[in-house]
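Colleague: sequence-free structure coming up:
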């Protein structure tokens, strides 16, 4: 980055009435030529223009989610196929279909430019962004934007995500930043909490009730921690499944859980030699009866292939699986007898609409939900953050500081950008 651009960024602070926008910005991009590897490239790219219903946001911190891993890997779907199919957009000034993709679906920062003055938002306001991208002129959004044919996940199915000095969001994606949280904490929870909210507290998902026993896979991850706290709010009983005792003990110390299941310690291997292992399903069922009084009303499901068959098996009659992802694989099979003969159900959820996202965010603003960050990486070390996230080390969320400083969580002098190409 040249010195003149650095000086412009140094003058940026939240709360200003206007900002001098440079022509170029640093970004971590996935390139068409390098897709398939778990890495990004640090380059300078043009600052994107915004449409009438969009905002340009200075990104302080960016949360890591599985869709950034999928973007870099180019699987299960190539992100550039999404961008190509996005043949039209309400942004008439810019195109998403480029040779590079800026990923990132969680952001904290402040508004530096608005496409329209006809909005309650102001330049300089501190915000967090939810990742539900849709066109405002699509009438389906007035029912539920998540079932709109135009709905996309920002920073995955669209370009100009949060791994850059500036990101582009629809105005309806903007939400107030919790004043008591750091930039890194504020960037950590949006995608996972909003998703968990729709799954467990919305009529569009499965509205859990007081006293429900809820089995939660990945209990110490971002989704799991969100689900546990939502259970606590309504008086349901969370039953977290984790991969080691350290994560389980962390939950016992910080949350209202009666115990946990260490899947590795219990040798809960649901697949053997490429086939289902029903003995592991039965073992999990026995553990639940012994430690958690038996029946499970709801399973909070997101691993997919590795766990879905077990999730269906251990449910009580009439119980429900609510699922939002398939991080271990989407080619799922299970014993259908345990679903139809016991009147069980599977409910699919995909992120959340703007109203659900705002309600979830309000729980953080009101200090009813606490986000947990396991580690914060500088912008130049973004690939290290992706690798740590993929290896499932630690609890809570992994965050990358973009314009924020990791040690003080204040505005950076841009020393974190390191050497860039392009």
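Modeller: Sure thing, it's come through. What you are looking at is a predicted structure, and each value in this text was computed from that prediction instead of being measured.

Colleague: Buried residues, stretch 340-356. List them.
Modeller: If you call a residue buried by 16 or more other C-beta atoms under 10 Å, then stretch 340-356 has these buried ones: 344, 346, 349-354, 356. For glycine as for every other residue, the C-beta is placed from the backbone atoms N, C-alpha and C.

Colleague: Buried residues of stretch 18-32, list them for me.
Modeller: Buried residues in stretch 18-32 (16+ other C-beta under 10 Å): 19, 22, 25-30.

Colleague: and which of the buried residues of stretch 340-356 is nearest residue 326?
Modeller: In terms of C-beta to C-beta, no member of the buried residues of stretch 340-356 lies closer to residue 326 than residue 350, at 11.5 Å.

Colleague: do you know how far that closest one is from residue 306?
Modeller: The gap separating residue 350 from residue 306 is 20 Å, by C-beta to C-beta, to the nearest Å.

Colleague: Am I right that residue 327 is in a helix?
Modeller: No. Going by DSSP: H, G, I helix; E, B strand; the rest coil, the assignment for residue 327 is coil, not a helix.

Colleague: so who does it touch?
Modeller: For residue 327, the contacting residues are 66, 302-304, by C-beta atoms under 8 Å, 6 or more residues apart in numbering.

Colleague: number of nearby residues for residue 136?
Modeller: Around residue 136 there are 14 other residues, counting by other C-beta atoms under 10 Å.

Colleague: Residue 272 now?
Modeller: For residue 272, using other C-beta under 10 Å, the count is 10.

Colleague: one step back: and the two most separated of the buried residues of stretch 340-356?
Modeller: Largest separation among the buried residues of stretch 340-356 by C-beta to C-beta: 344 and 354, giving 31.1 Å.

Colleague: before we move on, back to that, out of the buried residues of stretch 18-32, list just those in strands.
Modeller: Residues of the buried residues of stretch 18-32 located in strands (DSSP state E): 25-30.

Colleague: how about these in CSV, adding pLDDT and distance to residue 141?
Modeller: CSV is the format used below for those (pLDDT from 0 to 100; distance: C-beta to C-beta, whole Å):
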residue, pLDDT, distance to residue 141
25, 95, 30
26, 95, 33
27, 96, 29
28, 97, 30
29, 97, 30
30, 96, 29
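
Colleague: rewinding a little: looking at the buried residues of stretch 18-32, spot the one nearest residue 387.
Modeller: Of all the buried residues of stretch 18-32, residue 387 sits closest to residue 28, with 13.6 Å by C-beta to C-beta.

Colleague: Test of understanding: give the bridge partners of the closest one.
Modeller: As for beta bridges, residue 28 partners with residue 42 under DSSP bridges.

Colleague: Specify the local secondary structure of residue 228.
Modeller: Quick answer, by three-state DSSP: residue 228 is helix.

Colleague: Equivalent analysis for the one 10 residues further on, please.
Modeller: At residue 238, secondary structure determined by three-state DSSP is strand.

Colleague: And for residue 318?
Modeller: Three-state assignment for residue 318 (three-state DSSP): strand.

Colleague: From residue 203, how far off is it?
Modeller: According to C-beta to C-beta, residue 318 stands 18 Å off from residue 203.

Colleague: now do residue 297
Modeller: According to C-beta to C-beta, residue 297 stands 17 Å off from residue 203.

Colleague: same deal with residue 238?
Modeller: The spacing between residue 238 and residue 203, counted by C-beta to C-beta, is 21 Å.

Colleague: Equivalent analysis for residue 59, please.
Modeller: Residue 59 is 33 Å from residue 203, by C-beta to C-beta.

Colleague: ok so, going back, which one of residue 297 and residue 203 is surrounded by more residues?
Modeller: Ranked by neighbour count (other C-beta under 10 Å), residue 297 and residue 203 place residue 297 first, with 19 against 9.

Colleague: nearest spatial neighbour of that one, skipping sequence neighbours?
Modeller: Spatial nearest neighbour of residue 297, chain neighbours left out: residue 212 (4.3 Å); criterion: C-beta to C-beta, 6 or more residues apart in numbering.

Colleague: Correct me if wrong: the one you found contacts residue 299.
Modeller: No. Residue 212 lies out of contact with residue 299 (C-beta atoms under 8 Å); the separation is 11.0 Å.

Colleague: Mind checking which of those two has more residues around it?
Modeller: Set side by side, residue 212 and residue 299 show more neighbours around residue 299, with 27 against 20, by other C-beta under 10 Å.

Colleague: tell me the SS of the more buried one?
Modeller: strand.

Colleague: isn't residue 375 right up against residue 398?
Modeller: Yes. Between residue 375 and residue 398 there is a contact at 5.5 Å, judged by C-beta under 8 Å.

Colleague: When those two are compared, which one has more neighbours?
Modeller: residue 398 (24 against 19).

Colleague: so when I look at that one, I'm seeing a strand, right?
Modeller: Yes. Counting by three-state DSSP, residue 398 is part of a strand.

Colleague: can you redo the buried residues of stretch 340-356 as a markdown table with distance to residue 273?
Modeller: Shown next, in a markdown table, are these (distance: C-beta to C-beta, whole Å):
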| residue | distance to residue 273 |
| --- | --- |
| 344 | 27 |
| 346 | 26 |
| 349 | 32 |
| 350 | 33 |
| 351 | 36 |
| 352 | 39 |
| 353 | 42 |
| 354 | 46 |
| 356 | 42 |
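
Colleague: Give me the subset of these that lies in strands.
Modeller: Using DSSP E, the buried residues of stretch 340-356 in strands are residue 346.

Colleague: In helices, which of the buried residues of stretch 340-356 appear?
Modeller: If you go by DSSP state H, those have 354, 356 in helices.

Colleague: can you confirm residue 110 is in a strand?
Modeller: Yes. Counting by three-state DSSP, one finds residue 110 located in a strand.
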